[in-house]
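Chemist: My questions are about this predicted structure, shown below with the sequence.
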Amino acid sequence: MSKFQGRNQEPKEFEEKVIQISRVSKKTKGGNKVGFSVLMVVGDKKGKVGIGLGKAPDVVSAIKKGIKKAKKKMIIVPLDGTTIPFQMMVKKGAGKVLLKPAPKGTGVIAGGPVRALVEAAGVRDISAKILGSENQASSVYAAFYALQRIEQIVGIRGIKLRSIIDIENEEKEKLKQVQEQAKATAKESIKKAEKKEAKKPVVEKKPVKKVVKKKVVKKTPAKKAVK
């Protein structure tokens with residue numbers, strides 16, 4: 001591998017994450033046929049996400065098949081800023097998942113498989129909990145179905161959502177208002193202090209006489225002459 005090979009690589013459009021790899025064996029006349037199935041999550045971190053299950057004799061080709069299927073079955077997740085617009089609890093098969101919106105700065109509070117799906121979709125603040133089976137595949141399918149339901153409800157009801165840019169502009173305006181209020185309160189406090197000083201009576205200070213201490217010189221007694 002050359003030194004400059006990594007620099008020439010283009011950034012990937014989609015983020016790809018492996019959720020589960022399972023070894024599958026099939027009985028045939030000639031013997032057991034061994035293969036692998038890989039569950040993949042693909043997303044662009046801007047609202048698009050999809051899941052796909054790829055099956056092949058080796059892991060690498062199974063991953064490629066899973067990525068192709070996930071790209072074909074992608075959905076657009078409606079985002080209200082950095083989180084989902086409303087709460088959704090869904091049960092699909094053995095999996096049961098609860099998704100709740102969270103304020104900005106909370107982060108992704110979710111288990112491993114649901115975290116991978118949500119981060120690939122571009123959700124930055126959310127709290128999720130797996131209530132059903134602990135199987136990773138069933139949890140991912142349930143969470144994906146929950147995101148599909150949110151997309152359907154938003155489309156049917158025509159809910160207006162705010163983008164990340166709108167939320168950032170609102171936060172900037174709030175900061176400006178807070179700064180202006182702080183400046184106004186500081187000016188008022190300065191004016192009040194000046195008024196208090198102006199109301200105080202002016203007291204003339206009398207000149208203080210300096211007292212000069214006289215130095216006392218001690219006289220040493222004269223020595224008597226010795227006869």
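Modeler: That came through fine. Numbering: from 1, shown residues only.
Chemist: rest of the way, CA atoms for contacts and neighbours
Modeler: Fine.
Chemist: For the longest helix seen in the chain, list every residue counted as buried.
Modeler: Taking DSSP state H as the criterion, the chain has its longest helix at helix 164-199. By 16 or more other C-alpha atoms under 10 Å, helix 164-199 has no buried positions at all.
Chemist: Pick out the residue closest to the middle of the protein.
Modeler: Centroid-nearest residue in the chain: Gly107, 3.8 Å away (criterion: C-alpha atoms, centre = their mean).
Chemist: mind listing the helices for this structure?
Modeler: With DSSP H as the criterion, the chain has helices spanning 59-72, 112-121, 136-157, 164-199.
Chemist: chain center to the first one, what's the gap?
Modeler: It refers to helix 59-72. Relative to its parent chain, helix 59-72 has a centroid offset of 29 Å by C-alpha atoms, centre = their mean, to the nearest Å.
Chemist: packing partners for it?
Modeler: Counting contacts by 3 or more C-alpha pairs under 8 Å, 6 or more residues apart in numbering; DSSP states H and E, helix 59-72 is packed against strand 31-43, strand 48-56.
Chemist: in it, what's buried?
Modeler: For helix 59-72, the neighbour count (16+ other C-alpha under 10 Å) marks Val59, Ser61, Ala62, Ile63, Lys64, Lys65, Gly66, Ile67, Lys68, Lys69, Ala70, Lys71 as buried.
Chemist: The first one reaches Val38, doesn't it?
Modeler: Yes - the pair formed by Val59 and Val38 meets the contact definition of C-alpha atoms under 8 Å, at 7.3 Å.
Chemist: Done for today, thanks.
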